[in-house]
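In: here is the input, now give the coordinates:
(chains A, B, C and D)
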There are 4 protein chains.
Amino acid sequence: MVSEQIATLLVGCPDRKGIVAALAQVLYGHGANILDSDQHSDPVAAMFFQRIRFDLSSLNTDRVSLEQGIREVAERFKMDWRLAYGHQVKKVAIWVSKLEHCLYDLLVRYRAGELPCDVSMILSNHADAAKVASHFDVPFHHIPVTAETKAAAEAKAVELMTAGKIDLIVLARYMQILSPDLVAKYPGRIINIHHSFLPAFVGANPYRQAFERGVKLIGATSHYVTSELDQGPVIEQSTVPCTHRDSVEDLVRKGRDVEKRVLAAAVRWHLEDRVLVYANKTVVFS
Amino acid sequence: MVSEQIATLLVGCPDRKGIVAALAQVLYGHGANILDSDQHSDPVAAMFFQRIRFDLSSLNTDRVSLEQGIREVAERFKMDWRLAYGHQVKKVAIWVSKLEHCLYDLLVRYRAGELPCDVSMILSNHADAAKVASHFDVPFHHIPVTAETKAAAEAKAVELMTAGKIDLIVLARYMQILSPDLVAKYPGRIINIHHSFLPAFVGANPYRQAFERGVKLIGATSHYVTSELDQGPVIEQSTVPCTHRDSVEDLVRKGRDVEKRVLAAAVRWHLEDRVLVYANKTVVFS
Amino acid sequence: MVSEQIATLLVGCPDRKGIVAALAQVLYGHGANILDSDQHSDPVAAMFFQRIRFDLSSLNTDRVSLEQGIREVAERFKMDWRLAYGHQVKKVAIWVSKLEHCLYDLLVRYRAGELPCDVSMILSNHADAAKVASHFDVPFHHIPVTAETKAAAEAKAVELMTAGKIDLIVLARYMQILSPDLVAKYPGRIINIHHSFLPAFVGANPYRQAFERGVKLIGATSHYVTSELDQGPVIEQSTVPCTHRDSVEDLVRKGRDVEKRVLAAAVRWHLEDRVLVYANKTVVFS
Amino acid sequence: MVSEQIATLLVGCPDRKGIVAALAQVLYGHGANILDSDQHSDPVAAMFFQRIRFDLSSLNTDRVSLEQGIREVAERFKMDWRLAYGHQVKKVAIWVSKLEHCLYDLLVRYRAGELPCDVSMILSNHADAAKVASHFDVPFHHIPVTAETKAAAEAKAVELMTAGKIDLIVLARYMQILSPDLVAKYPGRIINIHHSFLPAFVGANPYRQAFERGVKLIGATSHYVTSELDQGPVIEQSTVPCTHRDSVEDLVRKGRDVEKRVLAAAVRWHLEDRVLVYANKTVVFS
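Out: Next up is the predicted model:
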């Protein structure tokens, strides 16, 4: 249920007494009806985190007044907070290179209503995905990248993201490494899928690395992109068994299934405002 | 963290506005510090459920006064509620027949500190488990059961449960069917492990049934016992793959692993006051 | 590796001594190089099963002579056998109704080279899938079905299958029940996906049934279609966990992921000649 | 079925034509009845591997003659091979430190008949496990280890292994690093459980490492011990999901379940002569 009248509040702050009561009180005072509330206290970091979904349709004040009330509580408790309204549908750009399984997977889920967003554009350094984009009626941008043109290509991509007011970039097997500058423009707003169970098999060719080490499971990791390659906060991971019978090609095939599920889960959770980042880790409210 | 100073409140009631705020307020008002809070609203049943763990050490009133406050809120919202204090360790009786894998599993977990309870006694219709009980320093009661002695045996068992102030009965592969009278004495307080993924393969010999149907996975189900055989509210289920190579004996062996995990999870969640029952289903707060 | 020069021999027969040696000898005698060999003896049924993949490129006789040799061994041991040549690519028809996730999944895998076959046509009782078929360059046939036209519609479908020399029909969420006559025409050659872990939740609306029973996992089952609804030999099954938070719609969403994987696995294994049926069960060689 | 009359042949050699036929022929020629046969060809390494279980009760020659026949085939194809007879039950020593969950798990499985072996002794650098050993009627040896006494302790342990004719050493959370000399004495005959999904989190405190990296699954790896720490051939691996709610202690608890399953599987497969090692990897016949 992601409707126009629903809002989601995410907060993180140093843990202390009274936070839950203060937030519940301010929402109740304005007539907002709490639909879901999930909380996490990290005793090691002494941090408090909460996600509250509430119904705005019964508000007895207005949004401006409600936000003012939340802001006051937030200041009192030194909260980082963000408030997402159901009517503000997030705009998503999917970046892809040649491998199309994650792209198809996301688009089929999108069409089935699994992903509450507006897939505004598909961007690729290859022309191949144009037909897929067209089939799903999503605008497509082809920005080739070479060593020489990389900076210019990124600049053009950023321009497109800005013009499209993109909220979230999904790297659906986009095989170019992003520059720190680009990453810095979208903190916690670029999701990548890495085809290994990180921190195992960082870098290139993880399935070949897995084959050579002779592991008995392969996996995938979705994470927010940071300036350090494959080191960003992990959102979701999963593995599947493999055996001595599996060639590198078999691992690639089995891996596609995991990659699709793990990336789609991370994207959905981000879109539903379930994910908070701190200390290079994620809190994912279920 | 299950310490003496921690309490857990579980509530269920018809859903309406203001419940979260009211509960948070009453706890805050008495100085209780909320450590964890998890909530679930079922839109189909129009029901509200919440689990709140809080710290009593900072209470600025006392327990009597706090309970009075909670009782007033509960009456206002027509809540079913229960409050569990960390210092009131639950007393558990494990009932077992001949198969000892679940018994060992529970006792090893218990000794490792996984199960916050007092395993007060082991009861069996066979003498075999006496040595296991002795090894783990748990009192053992042997109550043989035959068709003729069944009623008397149950009466004796109930006497032991009553004398031992048993809070929870765990049927760890206890192969006698309990009478409705006995079940009625412990509503939501008898946990059984059934060796299939219910509702498939109800009744006797589920592994043989599974073998004959040629399924490709087998499973186990932990549930609260009700008067209808294998129909009680499911607490946890899991499956493992099997193949054409697996004989009935192989399924039994594979099944033991699932049974152990699924039963232990259900028992732990019950002991941590994570489970609420309604409409013959469970809410299991994570 | 499914190349033109590879053949796969599948045999089943009453178990007795010397079968392995006889088959190995006849292949070796003709110069065929065994690439893979997997065997299963069922001591309960006293049956022997084997799958042998071998390379024809080193044959020192010819195919006619090799088949004659195999036929002689088969007669001696009363074998059911079939021999599949790599150059005889199987022709597949996908039947679908309105839900398109399994259809897309199969077609994306097909395009990625996961499914060694020729997807010759897509058939639907609705017009919706026409665009999908066109996007993947697969011929599409729309055969509406009503209670009145059902027999005629099936006749037309069979005509298409016959004309297209279809080897395998995949029911990718095709929601019409096939007549026994149609089923009898394709014994062991129609694969269906049922959206529950059979034998639980036979029939209509399995996700609603699962929701109402309050199970903690949902699943899917791929099976060969027989004249009894949802009773055919199981090829593959899998489950995923669910919780009290999952509405029927959530179960449907989670289920789509399992359905896709379980159906695709069954189809791939069938196409790779890994599946033997006996006693309403399957042997699936890995 | 591991009875006295059953033998298991494991072979590995450069791949070429005729191996399967030659082995089948020699077994058939001596009257041995093949019960199971599984084969693997690694096209990358150009290696052939096979496991054959056969029944000796129908032998028309004798074991000496059969072994001579196998030896001739083996020489022709340059095979590494070993032949294990059902009547030669393997002798196992379990080494353990303070954590007892894997020890209990193995012993309960052993008593239930899951592990076809003779658990000849338990060895520990702590005295704690003495009572467990006594409960299961297994001889116990306490060999304390300090930095100063390490060499002498190992010498004493080796003496015990030799005297006990130990075939397999199982490190069931034995927390001392073995010297290369000791390892060299038991190539492919020491199985360790490492509490992470290797190659992630090599070395000490893998659960703490996992917690700090913020991964969403934890795992365990059973492997043969080689002179390089945590680098030996992997036999089995598995993972379980974890979340932001899991403290290091929770990961340790969840991890125990995986460790137990993964170690027990590896030990069983080794005892059933299912495992071949080459190129620092394992072939595990199912």
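In: show me the shaky parts of chain A.
Out: Applying pLDDT under 70 to chain A flags the ranges A:1-2.
In: up against chain D, what does it have?
Out: Within chain A, the positions near chain D by C-beta under 8 Å from any C-beta of the partner chain are A:40, A:42-44, A:197-201, A:213-217, A:219, A:233-239, A:241, A:243-245, A:247, A:279-284, A:286. (C-beta placed from N, C-alpha, C; glycine too.)
In: let's see which of these end up in helices.
Out: Using DSSP state H, A:Arg213 are the members of the residues of chain A next to chain D that sit in helices.
In: filter the residues of chain A next to chain D down to the buried ones and hand me the ChimeraX line.
Out: Applying 16 or more other C-beta atoms under 10 Å in any protein chain shown to those, the buried members can be selected in ChimeraX as follows:
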select /A:40,42,197,198,199,200,201,213,214,215,216,217,219,233,234,235,236,237,238,239,244,280,281,282,283,284
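In: count the neighbours of A:Arg76 for me.
Out: A count of nearby residues for A:Arg76, using other C-beta atoms under 10 Å in any protein chain shown, gives 12.
In: that one: what's it in contact with?
Out: A:Ala22 (C-beta atoms under 8 Å, 6 or more residues apart in numbering or on different chains).
In: surely it is in a helix?
Out: Yes. Secondary structure assignment places A:Arg76 in a helix (DSSP: H, G, I helix; E, B strand; the rest coil).
In: got the contact list for the closest residue to chain B within the stretch 151-286 of chain A?
Out: Among residues of the stretch 151-286 of chain A, the one nearest chain B by C-beta to the nearest C-beta turns out to be A:Ser286. It sits 6.6 Å away. When contacts are counted by C-beta under 8 Å, 6+ apart, A:Ser286 touches A:Asp38, A:Arg274, B:Ser286, C:Thr243, C:Arg245, D:Thr243.
In: likewise for A:Asn125?
Out: For A:Asn125, the contact set (C-beta under 8 Å, 6+ apart) comprises A:Ser97, A:His142, A:Ile143, A:Pro144, A:Val145, A:Ala153, A:Tyr174, A:Met175, A:Gln176.
In: from those, which ones fall inside helices?
Out: A:Ala153.
In: so which of the contacts of A:Asn125 wins on neighbours?
Out: For those, the largest number of neighbours (other C-beta under 10 Å) sits with A:Tyr174, at 24 neighbours.
In: what strand or helix carries the closest residue to it other than its chain neighbours?
Out: With C-beta to C-beta, 6 or more residues apart in numbering or on different chains as the criterion, A:Tyr174 has its nearest non-adjacent residue at 4.0 Å, and that residue is A:Trp95. Assignment of secondary structure by DSSP states H and E places A:Trp95 within strand A:91-96.
In: list the buried ones in the very next helix or strand once past that strand?
Out: Note on strand A:91-96: by DSSP H and E, the next helix or strand toward the C-terminus is helix A:101-111. Residues of helix A:101-111 classed as buried by neighbour count (16+ other C-beta under 10 Å): A:His101, A:Cys102, A:Leu103, A:Tyr104, A:Asp105, A:Leu106, A:Leu107, A:Val108, A:Arg109, A:Tyr110.
In: now the angle from the first helix or strand past helix A:101-111 going along the chain to helix A:101-111?
Out: As assigned by DSSP H and E, the chain's next helix or strand after helix A:101-111 is strand A:118-124. Angle of strand A:118-124 versus helix A:101-111, following axes from the mean of the first three to the mean of the last three C-alpha atoms, to 10 degrees, is 160 degrees.
In: in strand A:118-124, what's buried?
Out: Using 16+ other C-beta under 10 Å as the burial criterion, the residues of strand A:118-124 that qualify are A:Asp118, A:Val119, A:Ser120, A:Met121, A:Ile122, A:Leu123, A:Ser124.
In: what do you get for stretch A:169-178?
Out: Neighbour counts over stretch A:169-178 (16+ other C-beta under 10 Å) mark A:Ile169, A:Val170, A:Leu171, A:Ala172, A:Arg173, A:Tyr174, A:Leu178 as buried.
In: now the terminal residues of it, how far apart.
Out: With C-alpha to C-alpha, to the nearest Å as the measure, stretch A:169-178 spans 12 Å from end to end.
In: try stretch A:39-54
Out: 15 Å.
In: any idea how far stretch A:25-42 is from the chain center?
Out: How far stretch A:25-42 lies from its chain's middle: 24 Å, per C-alpha atoms, centre = their mean, to the nearest Å.
In: does chain B sit close to it?
Out: Yes. Using C-beta under 8 Å from any C-beta, we find that stretch A:25-42 touches chain B at A:25, A:27-28, A:31, A:33-41.
In: check those residues and tell me the two furthest apart.
Out: Within the residues of stretch A:25-42 next to chain B, two members stand farthest from each other by C-beta to C-beta: A:Gly31 and A:Ser41, at 27.9 Å.
In: just want to know which of those two has more residues nearby.
Out: Per other C-beta under 10 Å, whichever of A:Gly31 and A:Ser41 has more neighbours is A:Ser41, with 20 against 17.
In: thank you kindly, that will do.
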